[in-house]
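Visitor: Kindly return the folded structure for what I paste below:
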Amino acid sequence: MDLARLTYMANQIAKNFAVHGEAAAIAATCQHMQLFWEPRMKAAILSGDRAGLEPIAAAACVQWAQQQAHSQPAPPNDLG
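Guide: Residues are numbered from 1 along each chain as shown. The predicted model follows:
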């Protein structure tokens, strides 16, 4: 699936949740993509150009990337 299609889908999801207010829409959009998108879709939207994303969808991707960064195990300490 190409990035343009994923961008369109993310924007549509965000628009559906927008009626709940910005903060709730960001969280719901993030959660929806985490739960229902398959791994290749997730990787593409998070690593691709987000210029076409509407503000709620873009913020959801930022939130999602931050969640992933905080859930990653710490690298091994090579101090010996």
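Visitor: So, low pLDDT: which residues of the chain?
Guide: Applying pLDDT under 70 to the chain picks out residues 72-80.
Visitor: And the residue nearest to the spatial centre of the chain, which helix or strand is it part of?
Guide: Nearest to the geometric centre of the chain sits residue 61, at 2.8 Å (C-alpha atoms, centre = their mean). Secondary-structure element containing residue 61, defined by DSSP states H and E: helix 55-71.
Visitor: Show me what that helix packs onto, helices and strands only.
Guide: On a contact count with 3 or more C-beta pairs under 8 Å, 6 or more residues apart in numbering; DSSP states H and E, helix 55-71 meets helix 3-17, helix 22-36, helix 39-47. C-beta here means a position set from N, CA and C on the backbone, and glycine is covered the same way.
Visitor: If we go by neighbour counts, what in the last one is buried?
Guide: Going back to what we said before, that points to helix 39-47. Residues 41, 42, 44, 45 are the ones in helix 39-47 that count as buried (16 or more other C-beta atoms under 10 Å).
Visitor: So the second one sits against residue 33, correct?
Guide: Translated: residue 42. Yes: taking contacts as C-beta atoms under 8 Å, residue 42 lies within contact range of residue 33: 6.8 Å.
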